[in-house]
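Enquirer: This is a predicted model, with the sequence first.
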Amino acid sequence: MMDQVGFVRKVEGDSMELEVRRMSGCGENCSNCSSSCDAPAHIITIENQLDAEVGDFVEIKGHSKNILMYTAIVYMIPLAFLIIGIAVGNSIFKSKGYSNYELLSFGTGMLSLAISLLIVKLIDKKMSVKKNSTLSITRIL
């Protein structure tokens with residue numbers, strides 16, 4: 001489980017909009033690292049299970065299994081399409097005798113990458129309709 005704190009910005013019906021600050025890589029001890037801790041907050045919409053109100057701080061729990069699945073989809077599908085696109089393009093253009101087959105293979109890989117991003121977007125849209133339990137609020141702080 002991954003825990004985070006969110007600030008309730010807006011409540012509409014049975015959902016709410018939360019502002020979630022990114023966790024810093026230095027464990028909130030920013031003077032010991034060179035990273036920028038002034039990263040913008042993420043805005044997420046989540047089901048208001050505890051009747052939180054605007055201005056409340058809530059504890060958010062993320063279910064690791066679902067988060068890892070989403071991470072794999074977002075990163076692995078585009079990577080696989082890129083590599084397969086380059087390999088297929090390389091094979092086709094090299095066998096056809098093109099002298100600049102590497103550049104054409106790269107273009108094929110980039111086209112495959114663009115197609116994969118559309119696929120990931122469709123998967124994301126389909127998963128968001130399901131209202132699964134990736135994130136949930138556990139208590140009002």
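Expert: Here it is on my side, so go on.
Enquirer: What's the first helix or strand after the lengthiest helix in the chain?
Expert: Counting by DSSP state H, the longest helix found in the chain is helix 64-95. Sequence order places helix 101-130 as the next helix or strand after helix 64-95, per DSSP states H and E.
Enquirer: what is the orientation angle of that following helix with helix 64-95?
Expert: For helix 101-130 against helix 64-95, the angle by axes from the mean of the first three to the mean of the last three C-alpha atoms, to 10 degrees is 150 degrees.
Enquirer: Which other helices and strands does helix 101-130 contact?
Expert: Where contact means 3 or more C-beta pairs under 8 Å, 6 or more residues apart in numbering; DSSP states H and E, helix 101-130 is packed against helix 64-95. The C-beta positions use only the backbone N, C-alpha and C, and glycine is treated the same way.
Enquirer: and the residue lying closest to K94 once chain neighbours are set aside, how many neighbours does it have?
Expert: Of all residues not flanking K94 in the chain, Y101 sits nearest, at 4.6 Å (C-beta to C-beta, 6 or more residues apart in numbering). Residues contacting Y101 under the criterion other C-beta atoms under 10 Å number 18.
Enquirer: how close does Y101 sit to I84?
Expert: From Y101 over to I84 the distance is 16 Å, taken as C-beta to C-beta, to the nearest Å.
Enquirer: What of T138?
Expert: Taking C-beta to C-beta, one finds T138 at 41 Å from I84.
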